[in-house]
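Asks: Provided below for reference: sequence and predicted model.
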Amino acid sequence: MNALAKSFAVAALAASVALPLSGGQTHAATPADTLVIANRIDDIVSLDPAEIFEFAGGDLANNVYDTLVTFEPSNLSGGYIPGLAESWTVSADGKTFTFKMRPGVTFHSGNPVTANDAAFSLQRAVLLNKTPSFILTQFGFTADNVKEKIKATDDMTLVIETDKKYAESFVLNCLSATIGSIVDMKLAMEHEAGGDMGYEWLKTHSAGSGAYSLRGWKPNENYVLQVNENYWRGTPAMKRVFMRHIPESATQRLLLEKGDVDVARNLSPDDIAGISGNGEVKVEEDLRGRIMYFSLNQEIPTLAKPKVQEAFKYLVDYEGMANSFLRGQYTVHQAFLPLTYLGELKDKPYKLDVAKAKALLAEAGEADGFEVKIFVRNAQERLEIAQSLQNIWAQAGIKATLEVATGKQTLGVYRARKHEIYLGAWGPDYPDPHTNADTFAHNPDNAFEAKNTGKLAWRNAWDIPAMTKETEAAVQESDRDTRAEMYRKIQKDHQMTSPFVVMLQKIEQTGLRKNISGFYTGSAVSSVYYWTVKK
Amino acid sequence: MALNTSDIAGRGALSLSPRFLRAVIRTAITVAVTFVGLLFVTFIIGRVMPIDPVLAVVGDKASEEIYQAARKAMGLDQPLYVQFLYYLRDVFQGDLGMSLLTSRPVSEDIARVFPATLELATIATLFGVVFGIPMGVVAAVNQGRWPDQLVRVLGLFGYSMPVFWLGLIGLLVFYGVLGWVGGPGRLDIFYEDMIPSVTGVILIDSLIAGDFEIFSNALSHIILPASVLGYYSIAYISRMTRSFMLEQLSQEYITTARVKGISETQVIWRHALGNVMVPLITVIALSYAQLLEGSVLTETVFAWPGLGFYITTALLSADMNAVLGGTIVVGAVFVGLNLLSDLLYRLVDPRAR
């Protein structure tokens, strides 16, 4: 910035602030029992846990609602532990799960948490049939049978019957997702309108038993949580949580350094570097579940050639990207399951090798290269990745043009199988390896009419009968180690033969005031926890 | 006493003359046609844009079945003209539909975000008027000399400096380093929801509630974004004032006034500026209207939950009801301010009466 412009800006604004401002100064620091967070929360569409499916909404639900099965925030890789269900048993045929409810737990309303609430909540999620409902319906529940298959046999006993045998870990992991949140039946039904089981009301209110209750929500502005003094895992230290929607990284940084917020969750690499010299703040890193990949539409003959696919895997500057413009926000990762998931694969067989890629292209009969379009969302980091790819592909004779559009536009193209190459990110939907295996390595019907738009294998027209069977087998395997090994094998095959080039896994860097401890972002498997925070 | 008809006719100025009635009807028709046209164009643009509003609701990962169900629920399976007719009917009943993003009626959302923008734009325009007009006058009187150059350079900066950058620098200096003003947002978060929302304009609501602590907190938050926005307003208004003044100062009546021995101050500030006020009203109204709809970047930098920010967020998320609703409000503001400036014009300018 040049000196003239700088001094000018100061002069121009001096007039405005020369006006006396009595009082009205900002607080020196946030109160000791209050947590203030700056985050982007404009992805919250609904606060109903049967519908919540985006990050910011998941964060909120994780602190307002409880699930039957949960996690220990300080040991997320330890896997699920009892939540509102104190214990459970699985029948010999592996299809019937019987849960014993934890006694003495109450909702924010004061109503006791019973097996009836649990049955109601899970049935409700299936009946409402919102986007995340597949996490439950994949066990064979339908609107017609769910009241039979999920029911309370008494106040403290919940019985869930799946359509076939699944790995116990798979069922329990799915119940720990947001959609498994247990809703206060009495309160929800008091606000029922037109048979919606309280849906319209719960979109903007809360009815949980979690560490906090919702005190206020202004979309795209803020939300306020109030502590639940009777929380069954102990009263949280933070009595209130203020969440502020601050879209700009630079603004978040300023608020954090100034002490007006305790936590800033969307700091850019520049701002992370910028606060490194400030002794009052710290940066914590955590692996998240999001992976960055690009994929080749198999309906394009050139892109369907195995050698061409292999060539693309050598035409990515994995390390270069992670070490340059992505600076600490992504790590190189080349398998479809995020690190820390059961069955994670750490192998990284590919690195940038233009000569090898050229040889592979020649073998495929594409020595002269070809033209291709990359569909990419107009988000900063994705554009930078796309430009890096574009430059390197040019060295091998592949002339790529970027088709840049908003997220919704590119997704529309992708779901209609109209892309050539799609650069995208994928986050797991629930903390079980099946979530990504199901989308990357499972395609039971490749016909266009099948419209399996939720599966990335289908979106790329990748027909894989054998791998589909392997994926189906893995989700039924009850031995944990065998199951993990099965996913490792599928991923290895996937690495070698798929039209997907997985490049990176997200690392979240959180800026915190020095005095904040116990802030867990939830890593790759869960959402953020506020009740563990202390100052 | 018998009523004298000519007596009534004699008070013609107050009676509804056919000419005035015609003008009213013409204005009403123009406004109505403008509005339906605005609705039609935005509706069509909204529908032909390669954005899928259904995805905004169900998300990327929804199954085809859920996708189709949502599409039907949103009425998007109907033919376009049917959708438009339904839309017209709803709008004229004051129903702007539900926002997909906030799950609330768009009209409610706008009622919440518009006062924030109104507050910001009004103070910014005040800056523009208070500083811009004198600067323009001084520049015109000193044409070609240093005060003129200074005003023109300041104006040029105002036009060419990115608001984003100016806003961040302002925050850094006056909030970050000096701590003279409040940070991003309309209030410190601890003051949120502490006073009842009557008008939605916090500066007014806090006075109604008699809470001066909140008033001064709100003032400390608004002063910086309003200055940044106001700077653009100053640049625009001073430039226009300067050129209007130059035109007036070369007129014969000014020379006559000077010959008559009227003081220079009177000539400039009363005679010349008086005549300039007429076209300036339109300039100020236009500048105000622009601030009301175009302060998107300022609102983003300062996390100011206003209308510009609302419409942009909605547009990027394919929340078409919110985009259309916001556009209608912006359209209404433009039409309203134009009518208002027209009216003021007539009041101030004797020739237009």
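Replies: Great, that's in hand. Numbers count the residues shown, from 1 in each chain, chains lettered A, B, ... in the order given.
Asks: Pop the domain breakdown of the chain in here.
Replies: Unless you meant another one, I'm taking chain A. For chain A, automatic domain parsing gives the domain ranges A:1-41+A:210-280+A:514-535, A:66-200, A:287-507.
Asks: that's the wrong chain, I wanted chain B
Replies: The record's domain split for chain B, according to automatic domain parsing, is B:1-47, B:110-352.
Asks: Which of the ones you listed sits closest to residue A:47?
Replies: Minimum separation from residue A:47 across these (CB to CB) falls at domain B:110-352, 16.8 Å. To be clear about C-beta, it is placed using only N, CA and C from the backbone, and glycine gets the same treatment.
Asks: mind checking how far that closest one is from the chain centre?
Replies: Its chain's C-alpha centre and that of domain B:110-352 lie 9 Å apart, by CA atoms, centre = their mean, to the nearest Å.
Asks: Any chance of TSV for the domains of chain B, columns mean pLDDT, distance to chain A and mean neighbour count?
Replies: As requested, the domains of chain B are exported to TSV (pLDDT from 0 to 100; distance: least, CB to the nearest CB, whole Å; neighbours: other CB atoms under 10 Å in any protein chain shown):
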stretch	mean pLDDT	distance to chain A	mean neighbour count
domain B:1-47	66	13	11
domain B:110-352	85	3	20
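Asks: which one of those lies closest to residue A:180?
Replies: Closest approach to residue A:180 among the domains of chain B (CB to CB): domain B:110-352, 26.8 Å.
Asks: and residue B:128, what is it in contact with?
Replies: With contacts taken as CB atoms under 8 Å, 6 or more residues apart in numbering or on different chains, residue B:128 has the following neighbours: B:230, B:232-234, B:236-237, B:284, B:287.
Asks: element containing residue A:425?
Replies: In this assignment (DSSP states H and E), residue A:425 forms part of strand A:421-426.
Asks: ok, now how distant is the closest residue to chain B within the stretch 351-500 of chain A from residue A:130?
Replies: Among all residues of the stretch 351-500 of chain A, residue A:451 sits closest to chain B, at 3.9 Å; criterion: CB to the nearest CB. Distance check for residue A:451 against residue A:130: by CB to CB, to the nearest Å, it reads 18 Å.
Asks: between the two, who's got more neighbours?
Replies: residue A:130 (25 against 17; other CB atoms under 10 Å in any protein chain shown).
Asks: Go ahead and confirm that one touches residue B:67.
Replies: No: here residue A:130 does not reach residue B:67: they are 11.6 Å apart, not a contact under CB atoms under 8 Å.
Asks: quick one on the thing from earlier: once you drop chain neighbours, what's closest to the residue of the stretch 351-500 of chain A closest to chain B?
Replies: residue B:64 (3.9 Å; CB to CB, 6 or more residues apart in numbering or on different chains).
Asks: residue contacts, that neighbour?
Replies: Listed by CB under 8 Å, 6+ apart, the contact set of residue B:64 reads A:451-453.
Asks: any chance you could map the helices in the stretch 51-200 of chain A?
Replies: Listed in chain order, the helices found in the stretch 51-200 of chain A under DSSP state H, counting those that start in this stretch are A:55-64, A:115-128, A:134-137, A:146-149, A:168-175, A:185-190, A:199-202.
Asks: The second one and chain B, are they touching?
Replies: No: contact between helix A:115-128 and chain B is absent, the nearest approach being 10.3 Å (criterion: CB under 8 Å from any CB of the partner chain).
Asks: And for the third one?
Replies: Yes: judged by CB under 8 Å from any CB, helix A:134-137 comes into contact with chain B at residue A:134.
Asks: neighbouring contacts of that helix?
Replies: A:122, A:125-126, A:174, A:177, A:179-180, A:429-430, A:454, B:63.
Asks: what number of residues lie near the closest residue to residue A:291 other than its chain neighbours?
Replies: Counting by CB to CB, 6+ apart, the nearest residue to residue A:291 once its immediate chain neighbours are dropped is residue A:505, at 5.1 Å. The tally of other residues near residue A:505 (other CB under 10 Å) stands at 24.
Asks: Could you check which helix or strand contains residue A:505?
Replies: Assignment of secondary structure by DSSP H and E places residue A:505 within strand A:500-513.
Asks: Strand partners (parallel or antiparallel) of that strand?
Replies: In its sheet, strand A:500-513 lies beside strand A:263-264 (antiparallel), strand A:281-296 (antiparallel), strand A:330-332 (antiparallel), with partners assigned from DSSP bridges.
Asks: now those as a markdown table including mean pLDDT and mean neighbour count?
Replies: As requested, these are exported to a markdown table (pLDDT from 0 to 100; neighbours: other CB atoms under 10 Å in any protein chain shown):
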| stretch | mean pLDDT | mean neighbour count |
| --- | --- | --- |
| strand A:263-264 | 97 | 28 |
| strand A:281-296 | 95 | 20 |
| strand A:330-332 | 96 | 19 |
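Asks: quick one, longest helix in chain B?
Replies: For chain B, the longest helix by residue count, based on DSSP state H, is helix B:212-249.
Asks: What is the subsequent helix or strand relative to it?
Replies: Next helix or strand after helix B:212-249 toward the C-terminus (DSSP H and E): helix B:252-259.
Asks: what about residue A:308, which helix or strand?
Replies: Per DSSP H and E: residue A:308 is located in helix A:306-313.
Asks: Tell me the buried residues in that helix?
Replies: Of the residues in helix A:306-313, those buried by neighbour count under the rule 16 or more other CB atoms under 10 Å in any protein chain shown are A:307-313.
Asks: With pLDDT and distance to residue A:383 as extra columns, can I get these in CSV?
Replies: Below are those laid out as CSV (pLDDT from 0 to 100; distance: CB to CB, whole Å):
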residue, pLDDT, distance to residue A:383
A:307, 96, 29
A:308, 96, 24
A:309, 96, 24
A:310, 96, 26
A:311, 96, 23
A:312, 97, 19
A:313, 97, 22
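Asks: Could you check how far residue A:377 is from residue A:413?
Replies: With distances defined as CB to CB, the gap from residue A:377 to residue A:413 amounts to 11 Å.
Asks: Which residues are in contact with each of the two?
Replies: Listed contacts common to residue A:377 and residue A:413 are residue A:405; contacts here mean CB under 8 Å, 6+ apart.
Asks: And residue A:55, how far from chain B?
Replies: Going from residue A:55 to chain B by CB to the nearest CB, to the nearest Å gives 12 Å.
Asks: Please enumerate the strands of the stretch 101-250 of chain A.
Replies: Ranges of strands within the stretch 101-250 of chain A are A:150-154, A:157-161, A:212-218, A:222-227, A:240-245, based on DSSP state E, counting those that start in this stretch.
Asks: which secondary structure elements does the longest one contact?
Replies: I take that to be strand A:212-218. Packed against strand A:212-218 by the contact rule (3 or more CB pairs under 8 Å, 6 or more residues apart in numbering or on different chains; DSSP states H and E) you find helix A:55-64, strand A:222-227.
Asks: Can you say which of the ones you listed is packed in most?
Replies: helix A:55-64 (a mean of 23; mean count of other CB atoms under 10 Å in any protein chain shown).
Asks: Next, the angle from that helix to strand A:240-245.
Replies: Interaxial angle, helix A:55-64 versus strand A:240-245 (axes from the mean of the first three to the mean of the last three CA atoms, to 10 degrees): 170 degrees.
Asks: Please list the residues outside helix A:55-64 that contact it.
Replies: With contacts defined as CB under 8 Å, 6+ apart, helix A:55-64 is touched by A:39-47, A:49, A:52, A:178, A:181, A:206, A:208, A:210-214, A:223, A:225, A:241, A:243, A:427, A:522, A:526-531.
Asks: Lovely, talk soon.
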